[in-house]
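Asker: My questions are about this predicted structure, shown below with the sequence.
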Amino acid sequence: MNRFPVLGVLRVIGALAALGTLAGRPSPLHAQDTTRVELRVLYNNPKLRPSLVVLPAPGLDSVRAIVERDLDFSDRYELVPLPGPMDPPGANGVNWGPYRAMNVVLAVDLQKSGDRVLVRLWGVTSGQIQQQTTMPVDQAGTGEGRLGIHQISDEIVRWTSGSPGIAASRLLYISDNRVWRVDSDGYGNAPLSPANRTAYSPAWAPDGRRFAFTEYQEGKWVIVLQTFGTGTRTIFPTTATTVNITPAFSPDGTRLAFSRIGTDRSYAIHQANVPDLCCVERLTVTRFAESLQPTYSPDGRRIAFTTTRAGAPQIYVMSNDGTDQELLVPYQYGVDGPSFAPEWSPDGTTLAFHRETGGTFQVMTFNLATEKVRQVTSEGRNEDPSWAPDGRHLVFVSNRSGRGQLHVIDLETSRVRVLRTPGTAQLPAWSRRLGGS
């Protein structure tokens, strides 16, 4: 990987800062902001990932390990491991010689500051602090305390790219007929729904405080709203009398779209009022055709969904009041297979879904501006994609390792990593950033 353009820019910045020629020896904040702008330009080309090291952090081994892993999983840096025992930053600063010899560009420094952690980002070439802050953290790095450490990682990503990372986010998925939750780095797998009930199709509420899912009860599939932490459960009214599946929240959390089987024994998209738990209305009316898997656009104005109205399942779109229904993702009849599970990207420019091709399912993306379909996966069976909050990562289920497991792909570099789950995983759903990050 060619680091020289990155190194060259930072060496110039470091030299100018040392000479005081940036706006006539500027304030530290001014210099930091200038450096961040230069780095942001570099990230327009994802192949120019600056090399980064996380410095030794005495007394913060767990924090350091989590931050280093998070920054690696952001896919924005070339992580440089410590070559061996290295001196931590001291009163006289950092000995940058060994790091410069390894062509390291950026360094992260973590130090205890009472019950908080001092976080500093260094430019190795200039030897200057680019950004710093202190953040409250459970330094043990376990349980719910891991979220605060993930927020440190996301802040570092924000400093260098202009937008926060995805470490402080979580995923829901189905395994052994229960809803489970896991941190974005694959740690903290925990069941959320009862063991004696069959659950399906989990969906995050936008505020991250509760989730919806479908649960089998007495011959019916009901929609349950459950709160994290307390576990308080509410069965959505009118859903206990028939079959209801694939719930999805609107971006503002005030509406819930889902599919319900009607008197004609076919599935149709419905929408309900969440704050008042009322007012279910039917949005699709196509006799003897199935419509399911609704997903709201980020502005809440449109709903994409899967329907069989043209024969094989394909991806359609409509206004959020049910009008203007039309085909969204193009397909060639007799060439392209059925398409399922659409989900809008956070910026609304792209749709992810899976489509049958070559006798199995593969994850695809559809660019709404260019109307181009891109095949993202090719190894094994891959399905049910869900977007990370940064819009460049997708989680999906793949059997490439022998059983269904969660895999995360970075669409910029095509790097894939596995999120290990206790059993076979299905139907992942990625949260927004949590905890105010």
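Answerer: Happy to help now that I have it. Numbers count the residues shown, from 1 in each chain.
Asker: what's in contact with the helix or strand encompassing residue 111?
Answerer: In this assignment (DSSP states H and E), residue 111 forms part of strand 106-113. The contact list for strand 106-113, computed with CB atoms under 8 Å, 6 or more residues apart in numbering, reads 50-55, 57, 59-60, 63-64, 67, 71, 77, 89, 94, 99, 117-124, 130, 134, 139, 152, 156, 160. In this view, the C-beta of every residue, glycine as well, is placed from N, C-alpha and C.
Asker: what's the answer for stretch 192-208, then?
Answerer: Contacts of stretch 192-208 (CB under 8 Å, 6+ apart): 172-174, 177-181, 211-217, 221, 224-226, 228, 231, 245-253, 427, 429-432, 434.
Asker: For PyMOL, write a command that selects the buried ones of these.
Answerer: Only the buried members of those enter the following PyMOL selection, criterion being 16 or more other CB atoms under 10 Å:
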select buried, resi 172+173+174+177+178+179+180+181+211+212+213+214+215+221+224+225+226+228+245+246+247+248+249+250+251+253+427+429+430+431+432+434
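Asker: Can you give me the domain boundaries for this structure?
Answerer: 4-86+98-161, 170-430 (automatic domain parsing).
Asker: picking that back up, which of the contacts of strand 106-113 fall within strands?
Answerer: Members of these lying in strands (criterion: DSSP state E): 51-54, 117-123, 130, 134.
Asker: Nearest to residue 381 among these?
Answerer: The closest of the ones in strands among the contacts of strand 106-113 to residue 381 turns out to be residue 52 (CB to CB; 35.2 Å).
Asker: Check which helix or strand the nearest residue to residue 403 once chain neighbours are set aside maps to.
Answerer: The shortest distance from residue 403 to any non-neighbouring residue, by CB to CB, 6 or more residues apart in numbering, is to residue 424 (5.1 Å). Assignment of secondary structure by DSSP H and E places residue 424 within no helix or strand.
Asker: Check residue 181 too.
Answerer: With DSSP H and E as criterion, residue 181 is part of strand 178-183.
Asker: What is the helix or strand following that strand packed up against?
Answerer: As assigned by DSSP H and E, the chain's next helix or strand after strand 178-183 is strand 190-191. Packing partners of strand 190-191 (3 or more CB pairs under 8 Å, 6 or more residues apart in numbering; DSSP states H and E): strand 178-183.
Asker: quick one: strands adjacent to the strand it packs on?
Answerer: If you go by DSSP bridges, strand 178-183 pairs up with strand 170-175 (antiparallel), strand 190-191 (antiparallel).
Asker: Who does residue 174 form a beta bridge with?
Answerer: Beta-bridge partners of residue 174, as defined by DSSP bridges: residue 179, residue 426.
Asker: Could you verify my assumption that it touches residue 180?
Answerer: Yes - using CB atoms under 8 Å, residue 174 is in contact with residue 180, at 7.3 Å.
Asker: Now the common contact residues for the two.
Answerer: Joint contacts of residue 174 and residue 180 (CB under 8 Å, 6+ apart) are residue 425.
Asker: what's the spacing between the nearest residue to residue 191 once chain neighbours are set aside and residue 422?
Answerer: Leaving aside its chain neighbours, residue 191 sits nearest to residue 178 (4.8 Å; criterion: CB to CB, 6+ apart). For residue 178, the distance to residue 422 equals 10 Å [CB to CB, to the nearest Å].
Asker: What is the burial count for the closest residue to residue 117 other than its chain neighbours?
Answerer: Distances taken as CB to CB, 6+ apart place residue 137 nearest to residue 117, at 4.7 Å, with adjacent residues excluded. For residue 137, the neighbour count with other CB atoms under 10 Å is 25.
Asker: I figured residue 137 hits residue 63, correct?
Answerer: Yes - Residue 137 is within contact range of residue 63, at 6.4 Å (criterion: CB under 8 Å).
Asker: what's the overlap in contacts for the two?
Answerer: 117, 149, 152.
Asker: hang on, the earlier thing: tell me the buried residues within the contacts of strand 106-113.
Answerer: Looks like those have 50-55, 57, 60, 63-64, 67, 71, 77, 89, 94, 99, 117, 119-124, 130, 139, 152, 156, 160 buried, using 16+ other CB under 10 Å.
Asker: about what we covered before: could you dump the ones in strands among the contacts of strand 106-113 into JSON lines with pLDDT and distance to residue 331 added?
Answerer: Shown next, in JSON lines, are these (pLDDT from 0 to 100; distance: CB to CB, whole Å):
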{"residue": "51", "pLDDT": "94", "distance to residue 331": "43"}
{"residue": "52", "pLDDT": "96", "distance to residue 331": "42"}
{"residue": "53", "pLDDT": "97", "distance to residue 331": "47"}
{"residue": "54", "pLDDT": "97", "distance to residue 331": "46"}
{"residue": "117", "pLDDT": "95", "distance to residue 331": "51"}
{"residue": "118", "pLDDT": "96", "distance to residue 331": "54"}
{"residue": "119", "pLDDT": "97", "distance to residue 331": "48"}
{"residue": "120", "pLDDT": "95", "distance to residue 331": "52"}
{"residue": "121", "pLDDT": "95", "distance to residue 331": "46"}
{"residue": "122", "pLDDT": "93", "distance to residue 331": "51"}
{"residue": "123", "pLDDT": "92", "distance to residue 331": "49"}
{"residue": "130", "pLDDT": "92", "distance to residue 331": "48"}
{"residue": "134", "pLDDT": "96", "distance to residue 331": "53"}
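Asker: Low-confidence ranges, this structure, go.
Answerer: 1-47, 91, 436-437 (pLDDT under 70).
Asker: if I read this right, residue 382 contacts residue 355, doesn't it?
Answerer: No - contact between residue 382 and residue 355 fails when scored by CB under 8 Å: they sit 10.2 Å apart.
Asker: Residues that sit against both of those two, list them.
Answerer: With CB under 8 Å, 6+ apart as the test, residue 382 and residue 355 both reach 361, 362.
Asker: Verify the stated contact: residue 284 with residue 266.
Answerer: No - using CB under 8 Å, residue 284 is not in contact with residue 266, being 9.5 Å away.
Asker: Identify the contacts common to these two.
Answerer: Common neighbours of residue 284 and residue 266, using CB under 8 Å, 6+ apart, are residue 291.
Asker: and these two? which has more neighbours close in?
Answerer: residue 284 (24 against 18).
Asker: in a strand, that's where that one is, yeah?
Answerer: No - counting by DSSP: H, G, I helix; E, B strand; the rest coil, residue 284 falls outside a strand, being coil.
Asker: Just list the residues touching it, thanks.
Answerer: Contacts of residue 284 (CB under 8 Å, 6+ apart): 268, 269, 291, 305, 307, 318, 322, 325.
Asker: Check those against residue 277 and report the nearest one.
Answerer: The closest of those, once distances to residue 277 are taken by CB to CB, is residue 269, at 18.7 Å.
Asker: count of neighbours near that closest one?
Answerer: Using other CB under 10 Å, residue 269 has 27 other residues around it.
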